[in-house]
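[1] sequence below, structure please.
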Amino acid sequence: MKLGKCICISGVCAVLISSFCFTAFGKADVKDNEMYMRYITKEDTELFSLPDEEIEFNANKFFTALNSSNDYEVYIAINRLIECYNDSELKTKAFNAIEPFKADSREKIANAADFACDILTDEFKNENVYVMNDGSVFFNTFCNYSDYGGYNKIWQIKDGKLKEYMTLSDPMTYIRDFYLSPDKKLLAVKACSGKSEFLFVISPLNGKSSCEIISSAKNKIAFDNGYSTDVRIDGENYCSAEEIKWVKNNILEFNGSFTYNDVGKTVDCKVEYDFSNGSIKVNKA
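    Predicted structure coming up:
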């Protein structure tokens, strides 16, 4: 499912990974002596480019990458090895390989290992793992790798099987946070681009999702107040949402900051979104 703007042989792998140049992470840097990644691309998550015909998950290269001297390769490998979940033998192997990293001195790697092990052992107690009322589990990998959030894929575990539930499309580059409704039937997702923020709700029970709420609220405010608002070709809204919370099982509330006139004007409003009927109420702050 996509949400638009309305979302190898191990020996060969060892050679390829050992020759993988650190400069491939041109978007990576060191920040306060810690790993710092501004972006992760599809090519980054594969550690190197794959032939077009190779589309299936290949665990061998990620097991090999755990022994890399490159922190970024280790970090990526830990996150990707969660995808061993559906193979019981590989799942156990992945846990045993990752578990020692929980005590690693590198904070991002230790946190990633704790997160991965929580999933691979079916504990589902990590703060970045969300359990719905039907027992299904949601999360995104590479949690908080950037200042802006994590990778743009949402994963689901249901009936003991892991699957990719949704991939967000540009400009929703990062998943910043999830908000589980009080009855655990709905999951709000906050995404961002570094310039704009976006918010939508998914309902796994019926497979539905809401409109993108922040941009919809921006348009409603413009209509109600006679503001001009242009729809940008890049999908950016240059708006933000804070203090996001569920006030009822179906009603999500947040404080929004909305821009108009090419960001020349900013309007702050409290927004209430009702998933049951799709209605949006706004009140100026």
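[2] list the contacts of P204.
    132, 134, 136, 138, 156, 158, 165, 187 (Cβ atoms under 8 Å, 6 or more residues apart in numbering). C-betas here are computed from N, CA, C, even on glycine.
[3] let me have those in CSV, extended by secondary structure.
    Converted to CSV, the contacts of P204 look like this (DSSP: H, G, I helix; E, B strand; the rest coil):
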residue, secondary structure
M132, coil
D134, coil
S136, coil
F138, strand
Q156, strand
K158, strand
Y165, strand
L187, strand
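[4] buried subset of those?
    132, 136, 138, 156, 165, 187 (16 or more other Cβ atoms under 10 Å).
[5] hmm, the second one is touching I157, no?
    Yes - checked against Cβ atoms under 8 Å, the pair S136 and I157 is within contact range at 6.6 Å.
[6] ok, I202 - how many residues close by?
    Applying other Cβ atoms under 10 Å, we find 25 residues neighbouring I202.
[7] can you check the pLDDT for it?
    I202 is assigned 97 on the pLDDT scale.
[8] next SSE after the helix or strand where it lies?
    Assigned by DSSP states H and E, I202 falls within strand 197-203. Stepping forward along the backbone from strand 197-203, the first helix or strand reached (DSSP H and E) is strand 208-209.
[9] what pLDDT, on average, does that following strand get?
    Taken as a whole, strand 208-209 has an average pLDDT of 94.
[10] what is it packed up against?
    Contact here means 3 or more Cβ pairs under 8 Å, 6 or more residues apart in numbering; DSSP states H and E; on that basis strand 208-209 packs against strand 197-203.
[11] partner strands of the strand it packs on and their direction?
    strand 187-192 (antiparallel), strand 208-209 (antiparallel) (DSSP bridges).
[12] ok, of the ones you listed, where does mean pLDDT dip lowest?
    Mean pLDDT is lowest for strand 208-209 out of the strands paired with strand 197-203, coming in at a mean of 94.
[13] most distant residue from the centre of this structure?
    Relative to the centre of the chain, the most outlying C-alpha is that of G226, 35.2 Å out, by Cα atoms, centre = their mean.
[14] please tell me how far F124 sits from E197.
    For F124, the distance to E197 (Cβ to Cβ, to the nearest Å) stands at 27 Å.
[15] more neighbours: which of the two?
    Shown here are F124 and E197; by other Cβ under 10 Å, E197 has more neighbours (25 against 14).
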